[in-house]
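>>> kindly generate the corresponding structure for this input.
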Amino acid sequence: MERFVVISGCSGGGKSTLLAELGRRGHAIVEEPGRRIVRQELEEGGLALPWKDEQAFAHRAMTMALEDRAAATALNGWVFFDRGLVDAAAFLQHLTNEPVLAALAQAHRYCQTVFLTPPWPEIYANDPERRHGMEAAEAEYSRLLEAYPPLGYKVSILPKVSVSERANFIERALSEAKESHSSQH
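This next block holds a predicted model:
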């Protein structure tokens with residue numbers, strides 16, 4: 001769905017801050033499944049945590065991403081997702097070598113342009129929900145950089161600029177893509 005926009009990339013690269021800014025600008029936003037799962041599992045003493053049971057975590061993230069996508073159909077305008085189904089499926093495929101990515105990703109499309117936050121060590125910080133280090137975050141980023149293009153997505157790397165400038169960059173890119181698409185029809 002062309003109005004469902006994924007913001008993905010490196011952990012600690014500024015995705016959540018950027019989504020908060022887009023939300024302040026009146027856009028619908030969907031919080032990252034992984035953070036919600038970690039909070040819930042920590043509160044309930046669960047094991048579906050990336051540092052305890054990665055596969056259970058990845059399966060939960062895929063389920064939540066599908067639920068988020070279905071719920072977002074009721075929203076109007078651009079809907080910005082902090083990660084999405086491709087991220088969860090790419091992680092599960094990395095863990096298990098099960099070819100889940102292509103089939104799921106083709107059945108549940110997002111906007112063709114996916115915005116990725118690159119590794120940005122200067123702003124990277126651990127917190128209770130992000131316990132892995134920069135090296136793991138960079139490996140994750142590399143996997144995502146490789147996962148999206150074969151699925152027909154155009155990857156746009158976000159510049160390392162202020163959150164406001166990043167939001168402007170995304171809004172401008174989406175507006176230009178919409179105008180370009182309209183003029184072709």
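>>> quick one: least confident helix or strand in this protein?
Ranking every helix and strand in the chain by mean pLDDT, DSSP states H and E puts helix 101-107 at the bottom, with a mean of 77.
>>> count of residues packed around Gly45?
By the criterion of other Cβ atoms under 10 Å, Gly45 has 6 neighbours. In short, each C-beta sits where N, CA and C put it, glycine included.
>>> now it: phi and psi?
Main-chain dihedrals, Gly45, degrees, to the nearest 10: phi 70, psi 30.
>>> for Lys154, same thing?
phi -100, psi 120.
>>> likewise Ile7?
Torsion angles, degrees, to the nearest 10, at Ile7: phi -110, psi 110.
>>> which residue sits closest to Glu2, ignoring its sequence neighbours?
Nearest non-adjacent residue to Glu2, counting by Cβ to Cβ, 6 or more residues apart in numbering: Cys111, 5.2 Å away.
>>> so the one you found touches Leu174, yeah?
Yes - under the criterion of Cβ atoms under 8 Å, Cys111 is in contact with Leu174, at a separation of 7.5 Å.
>>> who touches both of those two?
Shared contacts of Cys111 and Leu174, defined by Cβ atoms under 8 Å, 6 or more residues apart in numbering, comprise Val5.
>>> any idea which helix or strand comes after the helix or strand containing Leu145?
Here Leu145, judged by DSSP states H and E, is contained in helix 134-147. Counting by DSSP H and E, the element after helix 134-147 in chain order, helix or strand, is strand 154-157.
>>> so what secondary structure elements neighbour that following strand?
With contacts taken as 3 or more Cβ pairs under 8 Å, 6 or more residues apart in numbering; DSSP states H and E, strand 154-157 sits against strand 113-117.
>>> please save the CA atoms from the strand it packs on in PDB.
Extracted C-alpha coordinates of strand 113-117, given in PDB (Å, rounded to 0.1, in the frame of the first residue of the first chain):
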ATOM      1  CA  THR A 113      10.400   3.900  -1.100                       C
ATOM      2  CA  VAL A 114      11.800   2.700   2.200                       C
ATOM      3  CA  PHE A 115      13.800   5.100   4.300                       C
ATOM      4  CA  LEU A 116      16.800   3.700   6.200                       C
ATOM      5  CA  THR A 117      18.600   5.400   9.100                       C
END
